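Undergrad: fold the following for me, if possible:
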Amino acid sequence: MSFSLYLDTNTWVHRLDGRTKIVCLLELFSVALLFSHPWYLLTLMSFVLMGMGAAKGMRNLQTMWVLLVLLFVYSMVLWPIFVNGQTPLLTIGNWVVSVEGLTHGMGMGLRLDVLVLSGMLFLTTTPIEDLSKSLQRFGLPPAIGFAISLAFRWVPTLLGSTTIIMQAQRSRGMDLASGGLLHKIRRYPPLVVPLIGHMLRQTNLLAMALESKGFGPSQPRMAYHAFSFQRQDYVALLSSNTLLGVSIWLNMHGYGTINIAF
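TA: This next block holds a predicted model:
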């Protein structure tokens, strides 16, 4: 069972250099944080979705759409409570929902969705090895890059081990669904104990594997694959930089933002 978002397909997005993907991701995050108006963020989301389609990553989108909808709905519900506007839309008791508050909630929900979709696009097209090597090419020490890549691998491993242990305990007759909250909590120690033992065993095996291969923080590292910028990298960087530059200009001139009061 795989919990990784990476899809091994041969698309032009996958063939981009890892450094190009990191820069484009950071610039997408920056553009999303510059705007708060829903129409601008919806336009940005359309660009990200086109990139997801070009990377053939709609399968990941189908598995994560519930999270995206919940983020949008929660923002739509919560932000109007804290944002005051000049145009009342709905009155519920002493609570007045304004058009500005609702619009700001929509914008914040779309902003969260854009951030999640951008990260999803990055993880869909970038192996963990390329992420670690690209960070090292930016000047990050190899030991830190290895620790980051190991953390990304450890989460899917932990989730997979948890699922296997739960299935094994269910096959032995353990009921994890019935009963109240306290009863469910009492049933979880038989899951936690073998999970901790399994992860300690995996950590020990990893330490022995690294030691047998002579891994050390001060040892020089050599890359198996040579990294070089191609034409599509320059096109992607030019497009991303242009998008960021136009977004900064729009933000400086008051476009794409909503004036609100708390």
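Undergrad: can you list the domains in the chain?
TA: 18-133+227-252, 142-212 (automatic domain parsing).
Undergrad: mean pLDDT for these: which is lowest?
TA: Mean pLDDT is lowest for domain 142-212 among the domains of the chain, at a mean of 77.
Undergrad: how far off centre is that one?
TA: 22 Å (Cα atoms, centre = their mean, to the nearest Å).
Undergrad: ends of it, what's the gap?
TA: 18 Å (Cα to Cα, to the nearest Å).
Undergrad: is the residue nearest to Ser36 when sequence neighbours are not counted in a helix, a strand, or coil?
TA: Nearest in space to Ser36, with sequence neighbours left out and distances taken as Cβ to Cβ, 6 or more residues apart in numbering, is Gly107 at 4.4 Å. C-beta here means a position set from N, CA and C on the backbone, and glycine is covered the same way. Three-state assignment for Gly107 (DSSP: H, G, I helix; E, B strand; the rest coil): helix.
Undergrad: burial count for Gln134?
TA: Not Gln; residue 134 is Ser. Number of residues near Ser134 (other Cβ atoms under 10 Å) recorded here: 20.
Undergrad: test my guess that it contacts Asp17.
TA: Yes: between Ser134 and Asp17 there is a contact at 7.3 Å, judged by Cβ atoms under 8 Å.
Undergrad: most packed of the domains of the chain?
TA: Sort the domains of the chain by mean neighbour count, taking mean count of other Cβ atoms under 10 Å, and domain 18-133+227-252 sits at the top with a mean of 17.
Undergrad: chain center to it: distance?
TA: With Cα atoms, centre = their mean, you get 11 Å for domain 18-133+227-252.
Undergrad: quick one: the residue nearest to Ser36 from Leu244, how far?
TA: 19 Å (Cβ to Cβ, to the nearest Å).
Undergrad: could you do Val99 as well?
TA: 30 Å.
Undergrad: ok, His37 touching Arg111?
TA: No: counting by Cβ under 8 Å, His37 stays clear of Arg111, with 10.1 Å between them.
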